[in-house]
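In: Sequence and predicted structure are below.
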Amino acid sequence: MAASARRILVVEDQEDNRRILRDLLTSAGYEVLEATTGEDGVTAAARYRPDLILMDIQLPVLDGYGATRRIKAAPELAHIPIIAVTSYALSGDDARAFEAGCDGYIAKPYNPRELLALVRRHLPPKA
């Protein structure tokens, strides 16, 4: 992995979904960190200071809304963009994600190109 690779924290409890995101993001040149619960996601965000976070909403221990609120409440972490990647795709679910502090939202199943475009929108390449 290149030393200049941007770090993305994937907070997702389903191994298959983490593998898909890991494969997609590493093939695009990103370094991927992983957490499986909202609580672990908050801890990993504080420890590793990723450049961007992909946050599932339906997580054990602490859901993605709660994890996002805690990350955004920490002044040293609040600048990190968080994109909700969720199977919650009913009317109003995107608004709940934005109210929790998410900067982007994409519903599962997602188109990999659309997800990468959203990631690049929030995490432009380093100059």
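Out: Yep, that arrived.
In: in the lowest-mean-pLDDT helix or strand in the chain, what counts as buried?
Out: Lowest by mean pLDDT, DSSP states H and E among the helices and strands of the chain is helix 93-100, with a mean of 92. Within helix 93-100, the residues that count as buried by 16 or more other C-beta atoms under 10 Å are Asp93, Asp94, Arg96, Ala97, Ala100. Heads up, the C-betas are built off the backbone N, CA and C, glycines and all.
In: what packs against it?
Out: Packing partners of helix 93-100 (3 or more C-beta pairs under 8 Å, 6 or more residues apart in numbering; DSSP states H and E): helix 64-73, strand 82-86, strand 104-107.
In: could you redo the ones you listed as a markdown table and give each row mean pLDDT, mean neighbour count and distance to Asp51?
Out: Formatted as a markdown table, those follow (pLDDT from 0 to 100; neighbours: other C-beta atoms under 10 Å; distance: least, C-beta to C-beta, whole Å):
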| stretch | mean pLDDT | mean neighbour count | distance to Asp51 |
| --- | --- | --- | --- |
| helix 64-73 | 98 | 21 | 13 |
| strand 82-86 | 95 | 25 | 11 |
| strand 104-107 | 94 | 19 | 14 |
